[in-house]
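Build me a model:
(one chain, ligands or ions: 2)
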Amino acid sequence: MKILMVGGGGREHALAWKLNLSPQVQRIYLAPGNGGTAKQKDFDHIALTDKVALREWAQANHIDLTVVGPEAPLAAGIVDEFRHHGLRIFGPTQAAAQLESSKAFSKAFMLRHGIPTAEYQVFEDAAKAHAYVDAKGAPIVVKADGLAAGKGVVVAMSIEEAHAAIDHMLAKDAGVQHNQGVARVVIEEFVDGEEASFMVVAHGLTALPLATSQDHKRLLDADLGPNTGGMGAYSPAPVVTPEIHAKVMREVIQPTLKGMQQDGIPYSGFLYAGLMIGREGKLKVLEFNCRMGDPETQPIMMRLKSDLLELLWAATEADTETLAKIELQWDRRCALGVVMAAANYPSTPELGQEIHGLPTDTEEAMVFHAGTALRGGKVFTSGGRVLCVTALGDTVKQAQTHAYALADKLHFEGMQMRRDIGFRAVRR
Ligand code: AMP
Ligand code: GLY
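Ligands and ions are numbered 1, 2, ... in the order given. Here you go, the predicted model:
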C-alpha cells in the first residue's frame, strides 16, 4: 500500500516509522517530512501543503490511505476534501475538529454533554473579560478561542498577568487564528492536580484506547519557565491507574463520542483528552486535541507492538465493527522521550545549526526528528523543537537513563533540553 503522511514534526516521523514496519506498506510519502524522514530510503517527500493540491496529488499517485498528523490541515477541512472525492483518509472532519480548533466550541460541548471540565466564561469584549477576572481573582486561566500553535494559554498566577493575557489575545496580531474572524477568549477556573494525556483511536461510537502518557509542557526543569509544545514525554503514565482509566473511558471518552454523534458530527480519528487528575481521582478535561500529541506519540509508538496500518485501516472502514474487534498489544517496558530544542525556543528559535553525534537507530532507542533539514548528507536545525531522543527501559528510571545517555552524545549550538523528563513517575 501507498501511504501519504501529512506533517513534518516528531509525531509524523514516529507515525511514519511505525507504519513502515507494517508488511503491507510499500511506500510512504511525507508532506513535507523532515531531515530524519529524508534519511530513510523508502520514504519520499512532497512539498505540497494545500488540501486541494494534496488531494489531486493523492488521486494521481493512487494513494491507498492518507494519515494527517497536525491540527491545522484538519481544521482546514482536509478530511472533508479527500472524502468528498472518495479517498480514504484517517482523521476528523472540519466540523469534528472544532473540539480542538475552537475552545469556545469544546467548552460548550462539554457543558452540554456533562463532560467534567473547569468552570468558564467566553468573552469578545475586553472590558467584560477584565471585570470577570477582577471578580474571580487569581490564579485564573486565559485561553484564546482559536488555534495558536501551543501559545494560546496563559495560566495567570496574578490578576495583572490575566489582564495582560486578555489584551494580548484579543489583539489583531496575537498569532491566533480567530474563528469566524472574531477574537474571543475563554477564561476558566484554575484546576490543581497532575496532568495526563489520554488518546484513543475513535470511529463513531467505538474507541480503542492507546497507551497513556505524560507530557512536560514547561521549558525548564521542575516545570518552570514558559509553556512550550512539549519538552518530553513518557509512557505509560502511572497517574492513570486502572480505576482512573475506566473512569476516563466512562466519563470522558464515551460521552464525547456519543455527544458528537448526537450533535450530527460523528468523530473519527485520533482523539486526545488532556486531563487534570485531582485529589481522590477527580477528573477534569483541560482540552481536547483532534490528533496525537507531540512528543507523546514518540514514546507511545515505540511501545506499540501491533500493526499501525491495520489499526488505521480498521478505523477508516465504513462500519465500526472492524475497529471494535482489534486488541492492541503493547511492550511492557516504559518509553521516554527527551526533546532537544533550538536556542531561544519557544520564542523565535535560532536555526541552521549543524547537528553532531546522531546515533544509529535501534529497536530500543530512536531519535525522532522534528525541526531538521538534510543538506549534503548533513543534518541542520530548521525549527524550534529539533529532535526527540526516545528510549525503552524496564522502568521509567531505566528508560530515562537510556534516553539521556544518548541525548548527551548529541550536540548543536545553543541546544536546550530538560534534565528531568519523567520525574513524577520516578519519584512515585
Ligand atoms: P491547554 O492547551 O488547554 O492544554 O493548556 C496548556 C497547559 O496549560 C495545560 O497543559 C496545563 O498545564 C495548563 N492549563 C490549562 N488549563 C488549565 C486550568 N484550567 N487549570 C490549570 N492549568 C491549566
Ligand atoms: N504535547 C501536547 C500536544 O501535543 O498538544
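
doesn't residue 391 fall inside a strand?
Yes: with DSSP: H, G, I helix; E, B strand; the rest coil as the criterion, residue 391 is located in a strand.

what sits against it?
Counting by Cβ atoms under 8 Å, 6 or more residues apart in numbering, residue 391 makes contact with 302, 335-337, 364-366, 399, 402-403, 406. All C-beta atoms are positioned from the backbone trio N, CA, C, and that covers glycine.

hmm, 7 Å instead?
When the contact criterion is Cβ atoms under 7 Å, 6 or more residues apart in numbering, the partners of residue 391 are 335-336, 364-365, 399, 402-403, 406.

what do you get for residue 336?
Neighbour list for residue 336: 234, 299, 390-391, 396, 399-400, 403, 421-422 [criterion: Cβ under 7 Å, 6+ apart].

Can you tell me which of the contacts of residue 391 are classed as buried?
The neighbour count (16 or more other Cβ atoms under 10 Å) marks 335-336, 365, 399, 402-403, 406 as buried among the contacts of residue 391.

Which pair in those residues has the greatest spatial separation?
Pairwise distances across those peak at 12.9 Å for 335 and 406 (criterion: Cβ to Cβ).

Going by secondary structure, residue 386 is in what exactly?
Using DSSP states H and E, residue 386 sits within strand 385-393.

That strand pairs with which strands?
strand 334-341 (antiparallel), strand 365-369 (antiparallel) (DSSP bridges).

which of the ones you listed is buried the deepest?
Comparing these by mean neighbour count (mean count of other Cβ atoms under 10 Å), strand 334-341 ranks first with a mean of 30.

Is that strand positioned near ligand 2?
No: against ligand 2, strand 334-341 shows no contacts by Cβ under 6 Å from any ligand atom, the least distance being 9.7 Å.

same check, this time on stretch 178-195
No: with Cβ under 6 Å from any ligand atom as the criterion, ligand 2 is not reached by stretch 178-195; the gap is at least 9.8 Å.

Any idea what residue 43 is bridged to?
residue 28.

Surely it and residue 26 touch.
No: using Cβ atoms under 7 Å, residue 43 makes no contact with residue 26, being 11.7 Å away.

can you give me phi and psi for residue 213?
With angles defined as degrees, to the nearest 10, residue 213 sits at phi -160, psi 170.

How many neighbouring residues does it have?
Residue 213 has 28 neighbours, counted by other Cβ atoms under 10 Å.

ok, it to residue 392 distance?
14 Å (Cβ to Cβ, to the nearest Å).

try residue 377
Counting by Cβ to Cβ - residue 377 and residue 392 are separated by 29 Å.

One more: residue 108?
Computed as Cβ to Cβ, the residue 108 to residue 392 distance reads 41 Å.

Between residue 43 and residue 26, tell me which one has more neighbours.
Counted by other Cβ under 10 Å, residue 43 and residue 26 do not tie: residue 43 has more neighbours, with 20 against 12.

Before we move on, what's the pLDDT of the more buried one?
Residue 43 is assigned a predicted lDDT (pLDDT) of 97.

same check, this time on the one 10 residues further on
As summarised for this prediction, residue 53 has a pLDDT of 98.

thinking again about what came up before, reformat the strands paired with strand 385-393 as JSON lines; add mean pLDDT and distance to ligand 1.
Putting the strands paired with strand 385-393 into JSON lines (pLDDT from 0 to 100; distance: least, Cβ to the nearest ligand atom, whole Å) gives the following:
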{"stretch": "strand 334-341", "mean pLDDT": "98", "distance to ligand 1": "15"}
{"stretch": "strand 365-369", "mean pLDDT": "98", "distance to ligand 1": "21"}
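
okay, now the residue nearest to residue 209 when sequence neighbours are not counted: neighbour count?
Once flanking residues are discounted, residue 209 sits nearest to residue 200: 4.9 Å by Cβ to Cβ, 6 or more residues apart in numbering. Neighbourhood size, residue 200 [other Cβ under 10 Å]: 23.

now the helix or strand hosting residue 200: mean pLDDT?
For residue 200, the host element (DSSP H and E) is strand 194-203. For strand 194-203, the mean pLDDT works out to 97.

again with stretch 237-247
97.

Distance from the chain centre to it, please.
20 Å (Cα atoms, centre = their mean, to the nearest Å).

residues from the stretch 251-400 of the chain in reach of ligand 1?
Within the stretch 251-400 of the chain, the positions lying close to ligand 1 (Cβ under 6 Å from any ligand atom) are 274, 286-287.

from those, which ones fall inside strands?
In strands, defined here by DSSP state E, the members of these are 274, 286-287.

Give me the buried stretch members for the strand holding residue 200, please.
For strand 194-203, by 16+ other Cβ under 10 Å, it's 195-203.

got a list of what residue 6 touches?
Counted by Cβ under 7 Å, 6+ apart, residue 6 has contacts 31, 54, 66, 68-69, 73, 78.

typo on my end, residue 366
Shown in contact with residue 366 (Cβ under 7 Å, 6+ apart): 17, 302, 390.

Which one (most neighbours) among those residues?
residue 390 (35 neighbours).

Not counting residues beside it along the chain, what's closest to it?
residue 337 (3.8 Å).
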